[in-house]
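>>> need a structure here:
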Amino acid sequence: MTPLLAAAPPAPETPPHTGGLLLLLDGTAGLLTVAALGIVLLLVLIIKVRLQPFVALLAVSIAVGLSAGLSVTELFGTVQRSTSVSMIESGMGGILGHVAIIIGLGTMLGAILEVSGGAEALSTRLLNLFGEKRAPLAMGLTGLIFGIPVFFDVGIFVLAPIVYAAAKRSGKSILLYCMPLLAGLSMTHAFLPPHPGPVAAAGLFKVDLGWVILMGIVVGIPAVLAAWAYAAWIGKRLFVPVPQDMLEAADEAKAAVAEERAARRAAARSTGTDTTVTHKGAPGTLATTPHPEDYAEEPVPLPTVFLIIGTPLLLILAATFSSIALDPSTFRSVIEFFGHPFVALTIALLMAYYLLGIRRGWSRKSLETVSTSSLKPVGNILLVVGAGGVFGAVLKGSGIADALADTFNDVGLPVIVLAYLISVVLRVAQGSATVAIVTTAGIVVPLVEGQDLSQAHLALVIMAISAGSIFASHVNDGGFWIVAKYFGISERDTLKSWTVLETVLSVAGFVMAAALSVFI
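As a prediction, the model looks like this:
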């Protein structure tokens, strides 16, 4: 007996949402068009319109979502309580819940090291240890070590006077000393937590920071060695004199700090609250004029600097590998507790408060002031990272991410190569390394989902993205102008030195990451 109703043919595959541009271009073609137009719009807003990156990312995320057919409710949720989840809120909160604490703690730690003189103690000791002939190597190691807890531009501001002094004493090109320093600072900024780029990428890829630290070291060390080799080569071929105005400004700043310290101590003597030994006075009398020792700050012991910087790194690495080497136990739980990034960085910060602050005579108010002021420039970074999380959530929720994943898989290139190339294009086009990382991560995360890649391999993908984010720093990058103006280098010579140095660091880092990915 023939059935009265024949079975309906299978419905053709359609995007998860309809509307926007998808009404004109159906299916995967429409989704890819939305993605391409969204990235172009993002670049135009940042480069041409000069719109703040946070605002640009948020605006483009909304435009892409609506164009891909997402409803207002899906994007923003509803005023009343309901089961709908706002993509903007979940994207922003999902990434910042992990990143904000780490960046905040790392920033305060770096500020205490900076203001206490830890950087100067480190660089001075290394210069004395290596001697004048190997001063460029000492500057490179200073940038590498001190760059772990502080941001790139802060490292330049703090360490530049030491570069001026070394170059002035030798009479050689300042490039010979500043380029190794910049390579060390740039490597740590690109590849190692607690810097915003690798931390944000780790949050988006859901990779333990221990793996990111390990792969950052393994990939970053060969990359920085290659950059140091180029720095030595270009430093002997391009002579750039020490900028006299910067030397004078540095001397004036040091003199102002010394005068303030001397006045404070003299005031303490006059009121009888100072406990230091009096000078040139009869027993029991108090001096009211500044003395030479009033201007001197007790040097920071170098082992203390290494202890504070190394403690969180070792704790995080121990926690990461305890999950591999140890069976579940109380001992493993203790290691994982102290090795959690939140706990490890809190311990390091408290150590810095005591060892570099309270033990050396800082008041609690001074510690609070330094910590609070250090957080002021962090707001912009966190907003950009959060907006990048929104962009990634919209790409995924609208189905664009799946369409991109299918298309890139058809291209045949390994994910790690695609990640690097996308990051390079975004970096060269708009200049910001952080924007390049968070945008690339939002595009690449869906490409690795379902591939069952190990944490180590995902960390190498993050390294490739980070390497691409520092490629060819040029005139649209704020770092380019900081380097040029702070070290008195012409734009042409900055392109020959700094831009090429960043390119060498980027390519060498990617080559290392790609080579390791074959075996991991």
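>>> can you tell me the element residue 327 falls in?
For residue 327, there is no host helix or strand (DSSP states H and E).
>>> by mean pLDDT, which helix or strand of this protein comes out lowest?
helix 244-270 (a mean of 60; mean pLDDT, DSSP states H and E).
>>> what's next to the helix or strand just after that helix, contact-wise?
Later in the chain than helix 244-270, the nearest helix or strand by DSSP H and E is helix 302-325. Helix 302-325 is contacted by residues 109, 113, 118, 121-122, 125, 145, 148-149, 193, 208-211, 213-214, 332, 335-341, 343-345, 347-348, 351-352, 355-356 when judged by CB atoms under 8 Å, 6 or more residues apart in numbering. Where C-beta positions appear, they are placed from N, C-alpha and C, glycine not excepted.
>>> send the alpha carbons of helix 302-325 over as CSV?
C-alpha atoms of helix 302-325 as CSV (Å, rounded to 0.1, in the frame of the first residue of the first chain):
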residue,chain,number,x,y,z
LEU,A,302,70.2,41.8,43.4
PRO,A,303,69.2,38.4,44.9
THR,A,304,66.1,40.1,46.2
VAL,A,305,65.1,41.3,42.6
PHE,A,306,65.7,37.7,41.3
LEU,A,307,63.7,36.2,44.1
ILE,A,308,60.7,38.4,43.6
ILE,A,309,60.7,38.0,39.8
GLY,A,310,61.4,34.3,39.8
THR,A,311,59.0,33.2,42.6
PRO,A,312,55.7,33.5,40.6
LEU,A,313,57.2,31.9,37.5
LEU,A,314,58.5,28.9,39.4
LEU,A,315,55.2,28.4,41.3
ILE,A,316,53.1,28.6,38.1
LEU,A,317,55.4,26.1,36.3
ALA,A,318,55.4,23.7,39.3
ALA,A,319,51.6,23.7,39.4
THR,A,320,51.4,23.1,35.6
PHE,A,321,53.6,20.1,35.7
SER,A,322,52.3,18.6,38.9
SER,A,323,49.1,17.8,37.1
ILE,A,324,51.2,15.7,34.7
ALA,A,325,53.8,14.1,37.0
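>>> which other helices and strands contact the next helix or strand after that helix?
As assigned by DSSP H and E, the chain's next helix or strand after helix 302-325 is helix 330-339. Counting contacts by 3 or more CB pairs under 8 Å, 6 or more residues apart in numbering; DSSP states H and E, helix 330-339 packs against helix 302-325, helix 341-352.
>>> rerun at 6 Å
Helices and strands touching helix 330-339, by 3 or more CB pairs under 6 Å, 6 or more residues apart in numbering; DSSP states H and E, are helix 302-325.
>>> show me what contacts residue 147?
155, 184-185, 188 (CB atoms under 6 Å, 6 or more residues apart in numbering).
>>> which of those residues scores worst on pLDDT?
Of all the contacts of residue 147, residue 155 has the smallest pLDDT value, namely 82.
>>> where's that residue, which helix or strand?
helix 152-170.
>>> tell me what angle whichever helix or strand comes after that helix forms with helix 152-170.
Next along the chain after helix 152-170, taking DSSP H and E as the criterion, comes helix 175-191. For helix 175-191 against helix 152-170, the angle by axes from the mean of the first three to the mean of the last three CA atoms, to 10 degrees is 160 degrees.
>>> hmm, who's touching the helix or strand following helix 175-191?
Remark: after helix 175-191, the chain's next helix or strand is helix 196-205, criterion DSSP H and E. Under the contact criterion CB under 6 Å, 6+ apart, helix 196-205 has outside partners 95, 98-99, 102-103, 193, 209, 212, 381, 385, 433-434, 437-438, 441, 445, 458, 462, 465-466.
>>> same question, stretch 31-46
Stretch 31-46 has contacts (CB under 6 Å, 6+ apart) with 15, 21, 25, 51, 53, 56, 60, 64, 67-68, 399-400, 403, 429-430.
>>> of the contacts of helix 302-325, keep whichever come out buried.
Neighbour counting with 16 or more other CB atoms under 10 Å marks 109, 113, 118, 121-122, 125, 145, 148-149, 193, 208-211, 213-214, 335-336, 338-341, 343-345, 347-348, 351-352, 355-356 as buried within the contacts of helix 302-325.
>>> what spatial separation is found between residue 345 and residue 312?
5 Å (CB to CB, to the nearest Å).
>>> residue 76 too?
With CB to CB as the criterion, residue 76 and residue 312 are 38 Å apart.
>>> looking at those two, which one has more neighbours?
residue 312 (30 against 16; other CB atoms under 10 Å).
>>> want to throw the contacts of residue 147 into CSV with distance to residue 505 and neighbour count?
Shown next, in CSV, are these (distance: CB to CB, whole Å; neighbours: other CB atoms under 10 Å):
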residue, distance to residue 505, neighbour count
155, 15, 26
184, 10, 27
185, 11, 27
188, 11, 27
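>>> so residue 49: helix, strand or coil?
Assigned with DSSP: H, G, I helix; E, B strand; the rest coil, residue 49 falls in the coil class.
>>> ok, the residue lying closest to it once chain neighbours are set aside to residue 479 distance?
In space, and not counting its chain neighbours, residue 49 is closest to residue 56: 7.8 Å by CB to CB, 6 or more residues apart in numbering. Here residue 56 is placed at a distance of 19 Å from residue 479 (CB to CB).
>>> in this structure residue 326 contacts residue 332, no?
Yes: here residue 326 reaches residue 332: they are 4.4 Å apart, a contact under CB atoms under 6 Å.
>>> quick one: buried residues of the helix ranked longest in the chain?
Counting by DSSP state H, the longest helix found in the chain is helix 87-115. Judged by neighbour count (16+ other CB under 10 Å), helix 87-115 contains these buried residues: 87-88, 91-96, 98-115.
>>> which residues are contacting the next helix or strand after that helix?
Next in sequence after helix 87-115, counting helices and strands by DSSP H and E, comes helix 118-130. Helix 118-130 has contacts (CB under 6 Å, 6+ apart) with 135, 137-138, 141-142, 146, 158-159, 162, 299-300, 302, 305.
>>> now residue 480. Its backbone dihedrals?
Main-chain torsions, residue 480, degrees, to the nearest 10: phi -60, psi -50.
>>> and it, what pLDDT?
89.
>>> grab the nearest non-local neighbour of it.
Nearest one to residue 480, counting by CB to CB, 6+ apart, is residue 473 at 5.0 Å.
>>> quick check: closest non-adjacent residue to residue 489.
residue 240 (5.3 Å).
>>> pretty sure that neighbour contacts residue 177?
No: counting by CB under 6 Å, residue 240 stays clear of residue 177, with 10.3 Å between them.
>>> pick out whichever of the two has more residues nearby.
residue 177 (28 against 20).
>>> contacting residues for that one?
136, 139, 163, 166-167.
>>> need the buried ones from these selected in ChimeraX.
The following ChimeraX line selects those of the contacts of residue 177 that are buried, judged by 16+ other CB under 10 Å:
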select :136,139,163,166,167
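>>> switch the contacts of residue 177 over to a markdown table; also include pLDDT.
Output for the contacts of residue 177, formatted as a markdown table (pLDDT from 0 to 100):
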| residue | pLDDT |
| --- | --- |
| 136 | 93 |
| 139 | 92 |
| 163 | 86 |
| 166 | 84 |
| 167 | 87 |
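>>> could you dump the contacts of residue 177 into CSV with distance to residue 221 added?
As requested, the contacts of residue 177 are exported to CSV (distance: CB to CB, whole Å):
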residue, distance to residue 221
136, 17
139, 17
163, 22
166, 23
167, 26
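>>> and the contacts of residue 177, which is closest to residue 375?
Of all the contacts of residue 177, residue 375 sits closest to residue 163, with 27.1 Å by CB to CB.
>>> buried ones from the contacts of stretch 31-46, can you make that a PyMOL selection?
Selection of the buried residues among the contacts of stretch 31-46 in PyMOL, burial being defined by 16+ other CB under 10 Å:
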select buried, resi 15+21+51+53+56+60+64+67+68+399+400+403+429+430
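>>> lowest-confidence one in the contacts of stretch 31-46?
residue 15 (50).
>>> contacts only, for residue 300.
Counting by CB under 6 Å, 6+ apart, residue 300 touches 116-118, 121.
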